[in-house]
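Chemist: Predicted model, plus sequence, below.
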Amino acid sequence: MLIKEVNGKYPQIPEDCFVAENATIVGDVTLGNECSIWFNAVVRGDVNAITIGNKVNIQDGAVVHCTYQKHPTVIGNNVSIGHNAIVHGCKVKDNVLIGMGAIVMDNCVIESNSIVAAGSVITQNTVVESGTIYAGVPAKKVKDINASDFAGEIERISNNYVMYSSWFKEEE
């Protein structure tokens, strides 16, 4: 794993997090508890701060970055960022699923209890409303989701990733 200081800022990573051997975390990055940063994922806090809550999984090949002097990236709790997704200079609130290959651009807000579908592009300054699914390029609201069904599903994925990371920790 590449964990590196940039401009005097060193990533803060609790001991109960899993960071894959070839993941990269640099600069002003703060992880919450029980997070997992998977293979080839990049969390690059070199030009602004990245703050990540508890039980967040950043899956293989995903990129989390921010915008110089403008937009930090803030990610809440119980968030799953799918394989090869890009999350850039935005706010992602609690209990969110960012699908595989999705792109979330600068100054977006992904409200709690929502889904960004795989392959979607959330264009700059978009607010994804709580309890909705956004899909497409550019992404638009495609449906409302039942909060009770949804909350369990996001929690399940988040918990699964804590479990998966434990498999790798046992081998260390």
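Modeler: Received it, and whenever you're ready, just let me know what you need.

Chemist: Hmm, V128 and V142 touching each other?
Modeler: No: between V142 and V128 there is no contact under Cβ atoms under 8 Å: 11.1 Å. In this view, the C-beta of every residue, glycine as well, is placed from N, C-alpha and C.

Chemist: Now the common contact residues for the two.
Modeler: With contacts defined as Cβ atoms under 8 Å, 6 or more residues apart in numbering, the residues shared by V142 and V128 are Y134.

Chemist: For the chain, which segments count as helices?
Modeler: Along the chain, counting by DSSP state H, helices occupy 147-169.

Chemist: tell me the pLDDT at N95?
Modeler: Per-residue confidence (pLDDT) for N95: 94.

Chemist: Can you give me the neighbour number for it?
Modeler: N95 is flanked by 24 other residues according to other Cβ atoms under 10 Å.

Chemist: circling back: looking at V142 and V128 now, which is surrounded by more residues?
Modeler: Legend: neighbour count by other Cβ under 10 Å for V142 and V128, higher for V128 (25 against 14).

Chemist: What residues does the more buried one make contact with?
Modeler: C108, V109, I110, E111, S114, V116, I122, Y134, A139, K141.

Chemist: Among these, which lie within strands?
Modeler: Using DSSP state E, V109, I110, S114, V116, I122, Y134, K141 are the members of the contacts of V128 that sit in strands.

Chemist: Redo those residues as JSON lines? Include pLDDT and neighbour count.
Modeler: Shown next, in JSON lines, are the ones in strands among the contacts of V128 (pLDDT from 0 to 100; neighbours: other Cβ atoms under 10 Å):
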{"residue": "V109", "pLDDT": "98", "neighbour count": "16"}
{"residue": "I110", "pLDDT": "98", "neighbour count": "28"}
{"residue": "S114", "pLDDT": "94", "neighbour count": "24"}
{"residue": "V116", "pLDDT": "96", "neighbour count": "29"}
{"residue": "I122", "pLDDT": "98", "neighbour count": "26"}
{"residue": "Y134", "pLDDT": "96", "neighbour count": "24"}
{"residue": "K141", "pLDDT": "96", "neighbour count": "13"}
